[in-house]
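Asks: got a sequence here, can you model it:
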Amino acid sequence: MSDPAIASIGGPKSVSWLTLAALVAGALAFFWPLLTGAHLVPFHVLAGDPALRGIDLAADRPDWRIFDLSPVTMFYAEKGLCAHLIRSGQLPLWNPYNALGVPLLADSISQPFAPFFSPFLVHPTPWVYSLCLVLQVLWGGLGMALFLRRVGLSSPAQALGALLFSFSPFTLNFCGYSDVWACMWFPWVLFALEGALSSSSSGALAALLVALMGMSGHVEAAFFIAVSAFAYWAVRRWREGGRAHSRSVWLVFPLGALGLSAWWVLPFLEYLFHASSSRFAASTPFPYHPSACFIPGSEIYWSPVLILLAAAGWWVRRHRGIALAVLPAVLWGTAMIFPWPLWIQRAATFDFASGRYGRGLVWTGLIIWAALGVDGLMKGEVDRRGRWVSASLAAGWWGAGLLVTVPSAQDLLARHLVPLTGSQAPILGWLTALCLLAILLAVVGAGQRVAPMTLAVALASLALASEVFVHPGLDVCWNRSEPRLAAAISKRAAHESGRMWFPDRDLWRSLPPNLSALWGLRDVRYCAPLAPSRLAVLDPRRDPLKDLFGAWEPERAAFLGVATAWRLDGGKGGLVPYEAEGQAGRAFWAGRAEAVATPEEGAARALKGAAWKDEVFIEGPVTGGPRNGDTAARGTVVSLEDHATNSRWRVEAPTAGWFVLRDLYYPGWKALVDGRPASMYAADGVFRAVALGAGSHEVAFSYRPVSFFFGALLTLLTLVGLAVAWARSRHPRWGGVR
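Replies: Here you go, the predicted structure:
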């Protein structure tokens, strides 16, 4: 049967002044340090790093055992690199500074054109970056309010949902993480799908919003949310009895979202095909200890008050379809994040993705149910039995929290479980008072001694108090530091085209490789779950949480073009440079070549006995190139231009031979010799090489991935098609809105 609340709403409605005032008040309450010049990029976790200067040593520093460095070493660093490339007139397609060069746009983390980070691209400072984070949080709350209004909830219920969504512990503790950025689009997608139920909309708006979500956050989180949104649509349409106005949503929504995202999805899929990861062999879904649900400061803290309101939401018959439609997302997220048998977690995460990305699904579902519960309580739609059941569930949840044993932070870190902060004893005491009060109110209300409006407001206030204000998430983030490289490193970087190597002090306690890219350092190290397969042949047993090439090996460092290595100066903690012996430079000329069949064979033969110093091993078949030149002759190589996606080199070749650039051989790179296209070969398993005749030559490399340009064309065509579909749905002549 059709939902009367939906049938009575013909289009988007603006949110109430109560919701807007609540969001503004919440932003001022939680993010007021921005007004004093502080920011949310936690550089101070690197305080005392010998590679950096300008650190605010007085800032609070999180415990190394429980703080994830991703907001600095990956998200901020890659956004900063993208801003630099765009401001210098380059497309942010390639990162030349990590390892031997790796894809940038295709890594699914950088997402340089995320809508809310546009101000950062113009003015890349930590403060502007933090402002972008706050805007995203408010955007998510606004979308939740619009969605709740569209399904017929009252203004107080809208305000509650917006506040819980924007300022939940999950959002506040991890607003600097890309999975939260994706989650902030979830209610907007639901808002668009609800509109498609009550009008002749084709689903084009929902497809566009999913594409923007994919541009904004982590690809895994965006995928989970998109699938959950499609499940929501399917359940809602089933509840409508198949009488929803638009049937084209079944195709337009998923295919339109994929088409609009093709400009980055195709490069990502190409990267996935050419990448390797230890997770492929032994997936670790990162589940959570059961105590995570009861401890403020954890990522998925759900108080009994929220459970009470969410349970009450199921008793509102008028909105039973909404509650059911959200259920698949909650069940899927729960299967990912709890320590079930491993086969369940692997199935839920497709045997690769981290289970942490399911937390946004569960939070969103619980908040929607809680808003339904508040609305139903206000309107007297939750009967006595519903209040008793809700109160009993809340009491059971609270009691379970008292019985759970909290493991130590060291145990959690060793098992890759949820990081916890704070002490359990005072928190449980404070929560006990809140929970007892909430349960008492619900039970008394079941006896009809409390007016529905009074009961709803009281429970909503308790939910806000326990969910929003009990968390230490931002306490360890605010700081004013903005580090600079040590003078010695900056000087070397300005005059050296070779790569550098920094000491491994465990868990990135020296200069993190991704962060080094922020200052234009060609750091041979690399750290990310995915690594190009050609890099993996050099370190096949790599831990994804550790640096690639983290351990110092002089011969391998010379092979990789490391010109300067840094070591710790005894107990002083400073860095001292020394020249890497025997290195041939990042680019050189070789007079002799041998053919090999695979990257593994090329790398193994090149490294055996430092054979790379005299000859280059080319993956065959080799056509037209010299094979047995003079190994005693030495060519000269001069850099003419060196940017992220293109470089030019002057080569003086004494005889016919090979020009080798010790940058990663990867699909999309093209070579020109003296202005004419030339064949490019994989050399020594990982590098690029072109054949040259004797004499002076200019060799140019450019990165022009077909996947990106074909994807951009497909995105443009999809955008035009969706615009036409939207116009047809709105124009009376074509059977649209009248």
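
Asks: for Val576, which residues make a bridge with it?
Replies: Applying DSSP bridges to Val576 gives these bridge partners: Arg567.

Asks: what's Trp369 in contact with, if anything?
Replies: Leu309, Ala310, Ala311, Gly313, Trp314, Ala323, Val326 (Cβ atoms under 8 Å, 6 or more residues apart in numbering). Every residue, glycine included, has its C-beta placed from N, CA and C.

Asks: mind giving me CSV with these and columns for neighbour count and pLDDT?
Replies: Formatted as CSV, these follow (neighbours: other Cβ atoms under 10 Å; pLDDT from 0 to 100):
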residue, neighbour count, pLDDT
Leu309, 33, 90
Ala310, 26, 94
Ala311, 23, 93
Gly313, 28, 94
Trp314, 20, 94
Ala323, 20, 96
Val326, 26, 96
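
Asks: nearest to Pro96 among those?
Replies: Val326 (44.5 Å; Cβ to Cβ).

Asks: in a helix, that's where that closest one is, yeah?
Replies: Yes - secondary structure of Val326 (DSSP: H, G, I helix; E, B strand; the rest coil): part of a helix.

Asks: picking that back up, which of the contacts of Trp369 fall in helices?
Replies: Counted as lying in helices by DSSP state H, out of these, are Leu309, Ala310, Ala311, Gly313, Ala323, Val326.

Asks: roughly how far does Val102 sit from Ser497?
Replies: 18 Å (Cβ to Cβ, to the nearest Å).

Asks: if we can go back for a sec, ok, so of the ones in helices among the contacts of Trp369, who is nearest Leu455?
Replies: Leu309 (10.9 Å).

Asks: quick check: the gap between the closest one and Gly675.
Replies: Leu309 is 69 Å from Gly675, by Cβ to Cβ.

Asks: on that earlier part again, would you list the contacts of Trp369 in JSON lines and tack on distance to Tyr97?
Replies: Listed next are the contacts of Trp369 as JSON lines, based on distance: Cβ to Cβ, whole Å:
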{"residue": "Leu309", "distance to Tyr97": "49"}
{"residue": "Ala310", "distance to Tyr97": "47"}
{"residue": "Ala311", "distance to Tyr97": "52"}
{"residue": "Gly313", "distance to Tyr97": "50"}
{"residue": "Trp314", "distance to Tyr97": "52"}
{"residue": "Ala323", "distance to Tyr97": "49"}
{"residue": "Val326", "distance to Tyr97": "43"}
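
Asks: between the residues you listed, which sits nearest Ser118?
Replies: Once Cβ to Cβ is applied, the member of these that ends up nearest Ser118 is Val326, at 31.2 Å.

Asks: next up, the contacts around the closest one.
Replies: Tyr232, Thr364, Gly365, Ile368, Trp369.

Asks: go with 7 Å
Replies: Tyr232, Gly365, Ile368, Trp369 (Cβ atoms under 7 Å, 6 or more residues apart in numbering).

Asks: how many neighbouring residues does the first one have?
Replies: Residues near Tyr232, counting by other Cβ atoms under 10 Å, number 24.

Asks: after the helix or strand bottoming out on mean pLDDT in the chain, next one along is what?
Replies: Averaged element by element with mean pLDDT, DSSP states H and E, the chain has its least confident helix or strand at helix 4-7 (a mean of 38). Per DSSP states H and E, helix 4-7 leads on to helix 17-31 as the next helix or strand towards the C-terminus.

Asks: circling back: neighbour-wise, which of Val102 and Ser497 wins?
Replies: Neighbour tally, Val102 and Ser497, criterion other Cβ under 10 Å: the higher count belongs to Val102, 25 against 14.

Asks: how close does the residue nearest to the more buried one when sequence neighbours are not counted get to Leu85?
Replies: Using Cβ to Cβ, 6 or more residues apart in numbering and skipping the chain neighbours, the partner closest in space to Val102 is Asn95 (5.3 Å). From Asn95 over to Leu85 the distance is 9 Å, taken as Cβ to Cβ.

Asks: same check, this time on Ala262
Replies: Counting by Cβ to Cβ - Ala262 and Leu85 are separated by 21 Å.

Asks: go on, Trp669?
Replies: From Trp669 to Leu85 the distance is 17 Å (Cβ to Cβ).

Asks: any low-confidence regions in the stretch 51-200 of the chain?
Replies: Within the stretch 51-200 of the chain, the ranges that satisfy pLDDT under 70 run 60-67, 200.

Asks: all strands for the stretch 551-700 of the chain, in order.
Replies: With DSSP state E, counting those that start in this stretch, the ranges of strands along the stretch 551-700 of the chain come out as 562-568, 575-579, 587-590, 593-596, 616-619, 636-642, 646-653, 657-661, 669-673, 676-678, 681-683, 687-692, 695-703.

Asks: likewise for the stretch 351-500 of the chain?
Replies: 484-485, 499-501.

Asks: out of the ones you listed, which is the most enclosed?
Replies: strand 499-501 (a mean of 26; mean count of other Cβ atoms under 10 Å).

Asks: pLDDT of the next helix or strand after that strand, averaged?
Replies: Going down the chain from strand 499-501, the next helix or strand is helix 513-516, by DSSP H and E. Over the span of helix 513-516, the pLDDT mean works out to 86.

Asks: keeping just the C-alphas, turn helix 513-516 into PDB.
Replies: The C-alpha trace of helix 513-516 is given here as PDB (Å, rounded to 0.1, in the frame of the first residue of the first chain):
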ATOM      1  CA  PRO A 513      56.700   8.600   2.200                       C
ATOM      2  CA  ASN A 514      53.300  10.000   1.200                       C
ATOM      3  CA  LEU A 515      53.900  13.100   3.200                       C
ATOM      4  CA  SER A 516      57.300  13.600   1.600                       C
END
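
Asks: what's it in contact with?
Replies: By Cβ under 7 Å, 6+ apart, helix 513-516 touches Val72, Thr73, Met74, Ala77, Glu78, Tyr97, Asn98, Asp523, Arg525, Tyr526, Cys527, Asp547.

Asks: which residues touch the fifth one?
Replies: So that's Glu78. Counted by Cβ under 7 Å, 6+ apart, Glu78 has contacts Ile109, Ser110, Asn514.
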